[in-house]
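Chemist: quick check, what structure comes out for this input:
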Amino acid sequence: MVQTRVTLWLTYGTVTGGTAAAAGSLVKQLGGNLMGYVFILELDFLKGRAKLDAPAHTLLSSQHKWESYTTSLQY
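Modeler: Residues are numbered from 1 along each chain as shown. Reported below is the predicted structural model:
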């Protein structure tokens with residue numbers, strides 16, 4: 001009997017893609033079959049998706065740079 005491990009990485013968000021890529025690599029090293037990544041938020045302008053080696057799906061994405069958020073939050 002052949003066992004198959006299928007993994008879908010789900011996390012709150014991706015910025016540079018480094019953490020998700022490392023988690024995907026670990027899943028593969030442990031014998032898993034990485035089917036894809038799911039993010040609640042993606043900051044598109046940082047291009048973190050380019051580091052991922054499986055399909056990525058995002059609920060919310062942002063093209064705005066972080067500086068625009070920090071300046072609008074000043075008191």
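Chemist: does the residue nearest to residue 58 when sequence neighbours are not counted sit in a helix or strand, and which one?
Modeler: Nearest residue to residue 58, sequence neighbours excluded (C-beta to C-beta, 6 or more residues apart in numbering): residue 42, at 4.1 Å. The C-beta positions use only the backbone N, C-alpha and C, and glycine is treated the same way. Secondary structure assignment for residue 42, by DSSP states H and E: strand 33-43.
Chemist: and the residue nearest the centre of the chain?
Modeler: Centroid-nearest residue in the chain: residue 14, 4.3 Å away (criterion: C-alpha atoms, centre = their mean).
Chemist: so residue 27 is in which element?
Modeler: Secondary structure from DSSP H and E places residue 27 in helix 18-29.
Chemist: from residue 25, how far out is residue 9?
Modeler: Plainly put, residue 9 is 11 Å away from residue 25 if you go by C-beta to C-beta, to the nearest Å.
Chemist: returning to what we had before: in the helix holding residue 27, what's buried?
Modeler: By neighbour count with 16 or more other C-beta atoms under 10 Å, helix 18-29 contains the buried residues 20-21, 24, 27.
Chemist: quick one: contacts for the residue nearest to the centre of the chain?
Modeler: Each residue near residue 14 by C-beta atoms under 8 Å, 6 or more residues apart in numbering is listed here: 20, 37, 39, 41-43, 48-49, 56, 58.
Chemist: can you do 7 Å?
Modeler: When contacts are counted by C-beta atoms under 7 Å, 6 or more residues apart in numbering, residue 14 touches 20, 39, 42, 48.
Chemist: what's the spacing between the third one and residue 33?
Modeler: Between residue 42 and residue 33 the distance, using C-beta to C-beta, works out to 23 Å.
Chemist: ok, residue 58 next?
Modeler: Distance of residue 58 to residue 33, computed by C-beta to C-beta: 21 Å.
Chemist: ok, those two, which is more surrounded?
Modeler: residue 58 (17 against 11; other C-beta atoms under 10 Å).
Chemist: secondary structure class for that one?
Modeler: The three-state label given to residue 58 by DSSP: H, G, I helix; E, B strand; the rest coil is strand.
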